[in-house]
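> let's see this in three dimensions:
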Amino acid sequence: MNDKPSPAHFYPLITTAAEANGLNWWLLYGVIEQESSFDPHAISPCGALGLMQLMPASFPAWARTSLLDAHNNVKLGASFLRQCIAMWTEESPDEAIQFGLGSYNGGSGYVLAAQALVQRDGLPGHRWAEVAPQLPFAVCQGKHCDADQMRDYVAAIWAKYAARRIAPPPTEVAA
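Residues are numbered from 1 along each chain as shown. Purely as a prediction, here's the structure:
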């Protein structure tokens, strides 16, 4: 028996969190879709939890059970996503979203390190298409990121978001 609710069950949570954080509804929907396929009980092999796959180390004030609560998870995840996007102030809004998605997925340290490599080569580094190829060479705290995974993550969400973003959010609600 599958007890996973339909995506429509979470529409009100997405609406509230998107409005509270100034995010496009479809962007938040796309992150949840990519992160957990709308499974509020999802736990990744690296320990990320819930709909937005939050890492407990990033939210130390929150108990594991609180991070698995769909309402808390989407509220915290949307706020974190907004912060990840907001840090990219020199990029266009669309580029900031892509940089923010990369930061949300793999950590801003890796994205900043890749951007620094591009800038070292004399380019401004304000386009994700310039920075993403440098991710395999970016080092943060002595480590390399999973560059392919990070690039694929941004590409998957961006492609769906770019196609959906001007559409109104669905009005279907859970029964």
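> report the buried residues of the helix-or-strand element of the chain with minimal mean pLDDT.
Least confident helix or strand, the chain: helix 64-68 with a mean of 88, by mean pLDDT, DSSP states H and E. Using 16 or more other CB atoms under 10 Å as the test for burial, helix 64-68 gives 66-68. From N, CA and C alone the C-beta is placed, and that goes for glycine too.
> from those residues, pick the one nearest residue 124.
Closest approach between these and residue 124, by CB to CB: residue 67, at 37.2 Å.
> which residue packs closest to that closest one, ignoring adjacent ones?
Closest residue in space to residue 67, ignoring its immediate chain neighbours: residue 49 at 4.5 Å, by CB to CB, 6 or more residues apart in numbering.
> just list whatever residues bridge to the one you found.
residue 43, residue 54 (DSSP bridges).
> what's the distance between it and residue 161?
Applying CB to CB, to the nearest Å, the value for residue 49 to residue 161 is 23 Å.
> check residue 147 too.
Counting by CB to CB, the gap from residue 147 to residue 161 is 21 Å.
> these two: which has the busier surroundings?
Using other CB atoms under 10 Å as the criterion, residue 147 and residue 161 rank with residue 161 on top: 22 against 19.
> my guess is the more buried one contacts residue 26. True?
Yes. Between residue 161 and residue 26 a contact is recorded at 5.6 Å, counting by CB atoms under 8 Å.
> my guess is residue 118 contacts residue 132. True?
No. Counting by CB under 8 Å, residue 118 stays clear of residue 132, with 9.7 Å between them.
> which residues of the protein fall in helices?
Assigned by DSSP state H, the helices in the chain fall at 11-21, 25-36, 64-68, 70-86, 93-106, 108-120, 128-131, 147-164.
> need those helices in CSV with distance to residue 42, can you?
As requested, the helices of the chain are exported to CSV (distance: least, CB to CB, whole Å):
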stretch, distance to residue 42
helix 11-21, 15
helix 25-36, 4
helix 64-68, 9
helix 70-86, 10
helix 93-106, 15
helix 108-120, 23
helix 128-131, 26
helix 147-164, 15
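> all set now, cheers.
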